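Trainee: Got a predicted structure here, sequence first:
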Amino acid sequence: MQLPSKNRLVELTDQPIDADTLTQFVTTPLSGAVILFLGTVRELTQGKRTTALDYDAYPEMALAKMNELVSETAEKWPVQKIALVHRTGHLEPAEASVAIALSCPHRGDTFDAGRFLIDELKVRVPIWKKENWSDGTTEWVHPSAE
């Protein structure tokens, strides 16, 4: 099923993600289930303390891939509305780096679609992060390596 453009929101932003706005966007009387997934900056990674993450992307390609994934998700599950937002720039621990909100008629499809979308986003979308460690070192990591 082709999802109309008014039922999808795909964006890269350097601003904080507003989870309430995304949840409101995907909520519809046609759906019995809405999920919101927030990927946040964690303080500990593999035993090392993270002080911040810096996200970078190739915007044109990232947005194209994000839109492809949204379309693919809507073809596999009965998605009513969907929002996919990823942050770029400098993020502190506990800040949201990625958000997925979507609605479907039933919860099982909603959970499955959301998991597919975050898993594939990490593999297919050209967004990179730099880990800033508390010992002063840094390391660029492709998110699919997690």
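Mentor: Now that the structure is in, tell me what you want to look at. Numbers count the residues shown, from 1 in each chain.
Trainee: ok, residue 13 touching residue 91?
Mentor: No. When contacts are counted by CB atoms under 8 Å, residue 13 is not listed as touching residue 91 (11.5 Å). Backbone N, C-alpha and C define where each C-beta goes, glycine included.
Trainee: what about residue 44, how many neighbours?
Mentor: Around residue 44 there are 10 other residues, counting by other CB atoms under 10 Å.
Trainee: what sits against it?
Mentor: residue 50 (CB atoms under 8 Å, 6 or more residues apart in numbering).
Trainee: Quick check: bridge partners of it?
Mentor: Residue 44 has these beta-bridge partners by DSSP bridges: residue 49.
Trainee: which residue sits closest to residue 61, ignoring its sequence neighbours?
Mentor: Using CB to CB, 6 or more residues apart in numbering and skipping the chain neighbours, the partner closest in space to residue 61 is residue 126 (5.2 Å).
Trainee: how many neighbours does residue 72 have?
Mentor: 14.
Trainee: Which secondary structure element of this structure has the lowest mean pLDDT?
Mentor: strand 44-45 (a mean of 88; mean pLDDT, DSSP states H and E).
Trainee: Would you confirm that the residue nearest to residue 61 contacts residue 58?
Mentor: Yes. Between residue 126 and residue 58 a contact is recorded at 4.7 Å, counting by CB under 8 Å.
Trainee: Comparing residue 13 and residue 91, which residue is more hemmed in?
Mentor: Remark: of residue 13 and residue 91, residue 91 carries more neighbours, 21 against 13, as counted by other CB under 10 Å.
Trainee: Tell me who's in contact with that one.
Mentor: For residue 91, the contacting residues are 41, 52-55, 97, by CB under 8 Å, 6+ apart.
Trainee: Could you rerun that using 6 Å?
Mentor: Contacts for residue 91 were tallied using CB atoms under 6 Å, 6 or more residues apart in numbering; they are 41, 53, 97.
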